[in-house]
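In: no sequence on hand, only this structure:
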Ligand SMILES: Cc1cc2nc3c(=O)[nH]c(=O)nc-3n(C[C@H](O)[C@H](O)[C@H](O)COP(=O)(O)OP(=O)(O)OC[C@H]3O[C@@H](n4cnc5c(N)ncnc54)[C@H](O)[C@@H]3O)c2cc1C
């Protein structure tokens, strides 16, 4: 058994100081990290508990009308916060679609951003081949059990997907991740935070060693009236997405002024469907336009041996989500346009 040392950081400076020790990991709610440690997937030598850093535990309005969500805000608190529910309902829905109430009570925003893939070969150390766990060892999911895996942006080294629901909404909302670290503070545009696997699938994000996520900033709300998060999964709760869609629209009557669409469950990072967004902007919403946009969103899809179904599932989910975002009344009445 490997010995682990543990300390509680009282402030950001203390956490950053402690993280200089090689083999250190931060621990938030522990809902992902502890499972990975028990399975021998993550093997930190030093754990820095950041949950007592009070300055990271609040939700504050920004001068530009946006919102800053501290990295230690629990997923439940974020989902149920009045300003998030009213101004960013997309984010609230995505958070509530994740995990279970008990897990959301523990899970932090920073930890959610950093949670690792749910690829079974990554979790099961009995499999030697996993480039994410052991770079250069191969990828057992390619040609293996890959029903849940990526259809977009994968590489010959890794076909794992990012499992976070929250991150799909943050991608659509163009959030910014604030971090602090040995080189000082910096901000990372959400699209640049998670990585595609390329030839370094061991790296999920662009966070540098020793950096701490301090907050997520949301731009001023533009989409509160027309947004929707749809998660399609094998069970109605407590299951990761096969495919999910976050759609945020600015509408002028039936015409789309601006569309933001992000997909979950399809790639190593939340996947912005930029081609579909451009096809919808300036157009009246109609079944034909929607189907064309959904087709464009999946044009580059390269399914694996067992997940070809995800292509059509994602296309249909896009159409359905945009219809629901455009017609919020249909959600309340249970009808789908
Ligand atoms: C059974 C189960 C079902 C789940 N279902 C879903 C689901 O459907 N959808 C979904 O989205 N999620 C789901 N989750 C995942 C859950 O959302 C994550 O486990 C949780 O969000 C992680 O947050 P945490 O604070 O517990 O992170 P921790 O476990 O504490 O940490 C996770 C990682 O983040 C790092 N970290 C934590 N905070 C910071 C920080 N501030 N700066 C830098 N690094 C940091 C840690 O070092 C670690 O690497 C599920 C989890 C379980 C166990």
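Out: Nice, I can see it. This one's a predicted model, so the numbers in the text were calculated from it and none came from an experiment.

In: in a helix, that's where residue 91 is, yeah?
Out: Yes - under DSSP: H, G, I helix; E, B strand; the rest coil, residue 91 sits within a helix.

In: report the contact partners of the residue nearest to residue 272 when sequence neighbours are not counted.
Out: In this structure, residue 272 finds its nearest non-sequential neighbour in residue 262, 5.3 Å apart by CB to CB, 6 or more residues apart in numbering. C-beta here means a position set from N, CA and C on the backbone, and glycine is covered the same way. For residue 262, the contact set (CB atoms under 8 Å, 6 or more residues apart in numbering) comprises 168, 169, 171, 172, 245, 246, 270, 271, 272, 273.

In: how far away is residue 262 from the ligand?
Out: 13 Å (CB to the nearest ligand atom, to the nearest Å).

In: beta-bridge partners for that residue, please?
Out: residue 246, residue 272 (DSSP bridges).

In: for residue 36, see how far away it is.
Out: According to CB to CB, to the nearest Å, residue 262 and residue 36 sit 26 Å apart.

In: again, but for residue 57
Out: Distance of residue 57 to residue 36, computed by CB to CB: 24 Å.

In: same check, this time on residue 282
Out: Remark: distance between residue 282 and residue 36 (CB to CB) = 46 Å.

In: more neighbours, these two?
Out: When residue 282 is set against residue 36 and neighbours are counted by other CB atoms under 10 Å, the residue ahead is residue 36, at 18 against 12.

In: for residue 29, helix, strand, or coil?
Out: Classified using three-state DSSP, residue 29 is coil.

In: wait, isn't it in contact with residue 107?
Out: Yes - Residue 29 lies in contact with residue 107 (CB atoms under 8 Å); the separation is 4.5 Å.

In: joint contacts of these two?
Out: Joint contacts of residue 29 and residue 107 (CB under 8 Å, 6+ apart) are residue 74.

In: okay, these two: which has more neighbours?
Out: Higher neighbour count among residue 29 and residue 107: residue 107, with 24 against 21, using other CB under 10 Å.

In: helices of the stretch 1-150 of the chain, start to end?
Out: 12-18, 33-38, 75-80, 82-87, 89-96, 101-106, 109-114, 120-123 (DSSP state H, counting those that start in this stretch).

In: looking at the ones you listed, which is nearest to residue 239?
Out: Judged by CB to CB, the one of those that comes nearest to residue 239 is helix 101-106, at 12.3 Å.

In: got the buried residues for that closest one?
Out: 104, 106 (16 or more other CB atoms under 10 Å).

In: quick check, that helix touching the ligand?
Out: Yes - using CB under 6 Å from any ligand atom, we find that helix 101-106 touches the ligand at 103, 106.

In: got the contact list for residue 331?
Out: The neighbours of residue 331, taking CB under 8 Å, 6+ apart as the test, are 228, 324.

In: state the mean pLDDT of the host helix or strand of it.
Out: Assigned by DSSP states H and E, residue 331 belongs to helix 328-333. Per-residue pLDDT values over helix 328-333 give a mean of 73.

In: check stretch 124-141 too.
Out: 98.

In: distance between the ends of that stretch?
Out: Criterion CA to CA, to the nearest Å; first-to-last residue distance in stretch 124-141 is 12 Å.

In: that one and the ligand in contact?
Out: No - remark: stretch 124-141 sits outside contact range of the ligand, by CB under 6 Å from any ligand atom, the gap being at least 13.1 Å.

In: near the ligand, which residues of this structure?
Out: So far as CB under 6 Å from any ligand atom goes, the chain lies against the ligand at 25-33, 35, 50, 71, 98-99, 103, 106-108, 110-112, 114-115, 163-166, 212-213, 238, 240.

In: do that again at 5 Å, thanks
Out: When proximity is defined by CB under 5 Å from any ligand atom, the chain lies next to the ligand at 25-33, 71, 98-99, 107-108, 110-112, 114-115, 164-165, 212-213, 240.

In: what would the helices of the stretch 1-150 of the chain look like in a markdown table with distance to residue 202?
Out: A markdown table is the format used below for those (distance: least, CB to CB, whole Å):
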| stretch | distance to residue 202 |
| --- | --- |
| helix 12-18 | 23 |
| helix 33-38 | 14 |
| helix 75-80 | 26 |
| helix 82-87 | 33 |
| helix 89-96 | 27 |
| helix 101-106 | 25 |
| helix 109-114 | 14 |
| helix 120-123 | 10 |
